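A.B. asks: return atomic coordinates for the entry below.
(4 chains)
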2 protein chains.
Amino acid sequence: MLLQIEPQSDEPIYLQLRNQIVQALVRGELKEGDALPSVRRLAVDLGINLHTVNKAYQLLESQGYLHIYGRRGARITAPLAPTGDYVDQLASDLKKLYIEAQSHGVDRRMFEQTVKAMLAKEAENAH
Amino acid sequence: MLLQIEPQSDEPIYLQLRNQIVQALVRGELKEGDALPSVRRLAVDLGINLHTVNKAYQLLESQGYLHIYGRRGARITAPLAPTGDYVDQLASDLKKLYIEAQSHGVDRRMFEQTVKAMLAKEAENAH
DNA sequence: CTATCTGTTATAGTAAAGCTATAACAGATT
DNA sequence: AATCTGTTATAGCTTTACTATAACAGATAG
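C.D. replies: All right, here's what the predicted structure looks like:
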């Protein structure tokens, strides 16, 4: 698992960390039961503070991606199943993107086409 | 045009304002040439500071949605056309949503279905 | 002309978020 | 026995968001 952070980014470091770990999960680079580096270890490797790493880990645990066994390390949990609440959230996020797209002159057809193009590209990168 | 802000929201007030004006544009409640209330007027109506309204206006102008004619008021500009840069941004945003969806067990078929359901619902609400 | 309204600019203060630094404790591991 | 671990606490710094107040000068309406 390759992790790299950009201190200059608008995105907070702890969120970059959280998102990259979720991304590694989706790519299959991290699987159920895998152990994560200690907060101190990862903090030194990335050149950041251990509290920032801890914040990312706590967030990931609260979202169900991993389980922290106190001082015995943290491990990836079983894959999540789509809940109704999450699908609602996804639909809401998509709606926001669509409204923004419409304000830029993107109509329904173009929006759907952009979605399909993105999905096709992602399907390719999976191989 | 009905504007309402939620001071308790995570979303900054000036962004709530910006987004609601863009939303009104998409809905057709605001059209090219329409005048916007003065920053003081709108600030009093919404119970917020004039600088917060001004920040929203400045943002909207920098994004091409309106033009500020100094002390002679602000007016909605002509509708935007989709630029390549914006479509790239849209594809990037969609990709982020898709990765997040996959981490919640949503596959490609379910993602596409959620998009179509959202678009159908929006098409209905337009009438 | 006079008074009012306008956008703009300046200064200042508060609050919260994000990140870092340091230290200490106690359980787990080697 | 020494080291590594997560956790907790305190503190400081920077940036963002929001508000408050004031002043200036152009535009408008009486």
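
A.B. asks: which helices and strands sit right next to the longest helix along chain A?
C.D. replies: Using DSSP state H, we find that the single longest helix of chain A is helix A:84-103. Under the contact definition 3 or more C-beta pairs under 8 Å, 6 or more residues apart in numbering or on different chains; DSSP states H and E, helix A:84-103 sits against helix A:108-125, helix B:13-27, helix B:84-103, helix B:108-125. (Each C-beta comes from the backbone N, C-alpha and C, glycine too.)

A.B. asks: any idea how chain A splits into domains?
C.D. replies: A:13-76, A:84-125 (automatic domain parsing).

A.B. asks: and A:E124, how far from DNA strand C?
C.D. replies: A:E124 is 32 Å from DNA strand C, where distance means C-beta to the nearest atom of the strand, to the nearest Å.

A.B. asks: the residue nearest the centre of chain A: what's it in contact with?
C.D. replies: Using C-alpha atoms, centre = their mean, the residue of chain A that lies closest to the mean C-alpha position is A:N19, 3.0 Å off. Applying C-beta atoms under 8 Å, 6 or more residues apart in numbering or on different chains, we find A:N19 in contact with A:E11.

A.B. asks: distance from the centroid: which residue in chain A tops it?
C.D. replies: A:G105 (29.5 Å).

A.B. asks: show me what contacts that one?
C.D. replies: With C-beta under 8 Å, 6+ apart, A:G105 has these contacts: B:P79, B:L80, B:A81, B:P82.

A.B. asks: nearest to B:Q63, of those residues?
C.D. replies: B:L80 (8.5 Å; C-beta to C-beta).

A.B. asks: low-scoring stretches of chain A, by residue?
C.D. replies: Counting by pLDDT under 70, chain A shows no low-confidence range.

A.B. asks: and it, which residues reach DNA strand C?
C.D. replies: In this structure, chain A approaches DNA strand C at residues A:7, A:12-15, A:48-52, A:55, A:70-72, judged by C-beta under 7 Å from any atom of the strand.

A.B. asks: picking that back up, quick one: the domains of chain A as TSV, columns for distance to B:K121 too.
C.D. replies: TSV is the format used below for those (distance: least, C-beta to C-beta, whole Å):
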stretch	distance to B:K121
domain A:13-76	27
domain A:84-125	8
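
A.B. asks: about what we covered before: deepest-packed of the helices and strands packed on helix A:84-103, please.
C.D. replies: Among the helices and strands packed on helix A:84-103, helix B:13-27 has the highest mean neighbour count (mean count of other C-beta atoms under 10 Å in any protein chain shown), at a mean of 19.

A.B. asks: what's downstream of that helix, the next helix or strand?
C.D. replies: strand B:35-36 (DSSP states H and E).
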